[in-house]
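> I need the structure of the sequence given here:
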Amino acid sequence: MKIKKILLILLIFLIISILFIYLYINKIGHKPNLNYNNENEMENILYENEYSIKNKKLYLYKDEENLEDYRGMKLLEYKVLDEYSEIYYILYDYTTEPSFYYTVEITDDSGNSILQDGKKEDKIFGGTISTIRLEKIDLNSKINFSVFEKNEVTNQTVNSEKIQIDFANDLEEKIKIDQTSNLIDGFLGDIKFKYIDSEDVYFGTTSHAYSTDLVGENASIPIKVQYGNYLLPQEHIEISYERNVNSLSLEEAFESLSIINNNFGQYGLSDVYGMPIEDNEKNVIDTVIINFEDMINLCSGLSIEKDGKTYTKNSFAQYDNVLMVKDKNVKIGSKINAIKYYFDEDKDYDYYMFIYNENIYEIKTPTYERVHEDVQNFLDSLEIIE
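Here you go, the predicted model:
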């Protein structure tokens, strides 16, 4: 009898242990069922608590003739954070007409709002990748997702659409998408670099309205950003150069550009400037031609003389001033000495300036975390053509 009692106790203990483990695992919700085509897919899963939303799209405008990729509202990614979760989306079905605005309503199976802070609806915006914050949800859940177009004056719904998301079936692991197979060589002046090819890459030339010597080239390279298992164009890398017409060192170029931007706006580093004079109604009534030294003197609070007339900084129209902030001296690419900086009121982009072979180069890169690797790969690929 004692042996039977011991066996019974062990059996009960085993059952309780199994039940405890099951409840613990399901306390945080199980992950969606996953099917991998090969071992490489397993190795590419680098996104813990980030999931792709499979084929979930809503259409406010049923008869829209836009291309399919630019229609509807596409749900992209579900991300679990410490205090809340997020859904990433992009809304193409919208108008810029100010009489309309857009909202979403997200509820659980019982019809309760799961928007963060218990709000019934949340206002959303079209044309850009954005997020909606939700309460943390068990990954066994189903949620109801509704989007509305409303009249600004009456608040009445003009268009609406609803879709259900079954997390167990409609989420899949986010797999890193490798774009390096599309890398090609680019050239600008004496600089070579690698970039991800796209039909939207632009290469062009630059010139100046008053200087015949200030010439250069520029390129704009789009970056496709990954949300879920989708790639969407969202950011750009820009690289350009202009002739170093004032024979400046790198430090002189940065300081000169900084003082000009902070006083007159983005006039650049030219040898010749056309400075507008405006009347009280902001109409340009005259233009005075000055040189680089004159520009620096004006920015420094000095007066200059032209054709028998004396001018100060306040004699001329001044555009939006921007404050350049030097971050540090860095080496980029193949041992290129550069100054890294940013604009005080816009820290979404980093800038790099360097000089080679009578040209001043500038690079603009987004600081957004999701494009960090692509930006760094671009910077690392820079090399001087000897």
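
> contacts, neighbours, all on C-alpha from now
OK.

> which outside residues touch the biggest strand by length in the chain?
When the chain is parsed with DSSP state E, its longest strand is strand 230-243. Outside strand 230-243, the residues within contact range by CA atoms under 8 Å, 6 or more residues apart in numbering are 76, 188-189, 206, 213-226, 358-366, 375.

> ditto for stretch 262-275
If you take CA under 8 Å, 6+ apart as the criterion, stretch 262-275 is touched by 210-211, 214, 244-246, 253, 256-257, 260-261, 287-292, 295, 299, 316-324.

> change it to 6 Å
Residues external to stretch 262-275 that are found in contact with it (CA atoms under 6 Å, 6 or more residues apart in numbering): 211, 287-292, 299, 318-323.

> And it, what's buried?
Asn262, Asn263, Phe264, Gly265, Gln266, Gly268, Leu269, Ser270, Asp271, Val272, Tyr273, Met275 (16 or more other CA atoms under 10 Å).

> Stretch 170-186 too?
For stretch 170-186, a neighbour-count test (16+ other CA under 10 Å) marks Asp170, Leu171, Glu172, Glu173, Lys174, Ile175, Lys176 as buried.

> Can you flag which of the residues you listed belong to strands?
Within these, residues falling in strands by DSSP E are Leu171, Glu172, Glu173.

> what's near enough to touch the last one?
When you say that, I think you mean Glu173. Counting by CA under 6 Å, 6+ apart, Glu173 touches Tyr51.

> low-confidence ranges in the chain?
1-47 (pLDDT under 70).

> still on that earlier bit, what separates the longest strand of the chain from the chain centre, distance-wise?
Here the centre of strand 230-243 is set off from its chain's centre by 11 Å, with CA atoms, centre = their mean, to the nearest Å.

> Stretch 166-185 too?
On CA atoms, centre = their mean, the centre of stretch 166-185 falls 18 Å from that of its chain.

> just the helices in the stretch 1-150 of the chain please.
Taking DSSP state H, counting those that start in this stretch to define them, one finds helices in the stretch 1-150 of the chain at 2-27, 39-43.

> what are the pairing partners of the longest strand of the chain, and which direction each?
The strands beside strand 230-243 in its sheet (DSSP bridges) come out as strand 216-227 (antiparallel), strand 359-366 (antiparallel).

> circling back: mark which of the buried residues of stretch 262-275 are part of helices, please.
Judged by DSSP state H, the buried residues of stretch 262-275 include Asn262, Asn263 as members of helices.

> Rebuild the buried residues of stretch 262-275 as a markdown table, extending it with distance to Lys306.
Output for the buried residues of stretch 262-275, formatted as a markdown table (distance: CA to CA, whole Å):
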| residue | distance to Lys306 |
| --- | --- |
| Asn262 | 23 |
| Asn263 | 20 |
| Phe264 | 19 |
| Gly265 | 22 |
| Gln266 | 23 |
| Gly268 | 21 |
| Leu269 | 20 |
| Ser270 | 18 |
| Asp271 | 16 |
| Val272 | 13 |
| Tyr273 | 13 |
| Met275 | 12 |
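
> ok, so of the buried residues of stretch 262-275, who is nearest Tyr88?
Among those, Gln266 lies closest to Tyr88 (CA to CA), at 35.3 Å.

> quick one: that closest one from Glu252, how far?
17 Å (CA to CA, to the nearest Å).

> With Ile175 instead?
The gap separating Ile175 from Glu252 is 46 Å, by CA to CA.

> Does Gln164 belong to a helix, a strand or coil?
strand (DSSP: H, G, I helix; E, B strand; the rest coil).

> and it, bridged to which residues?
Beta-bridge partners for Gln164, by DSSP bridges, are Asn144.
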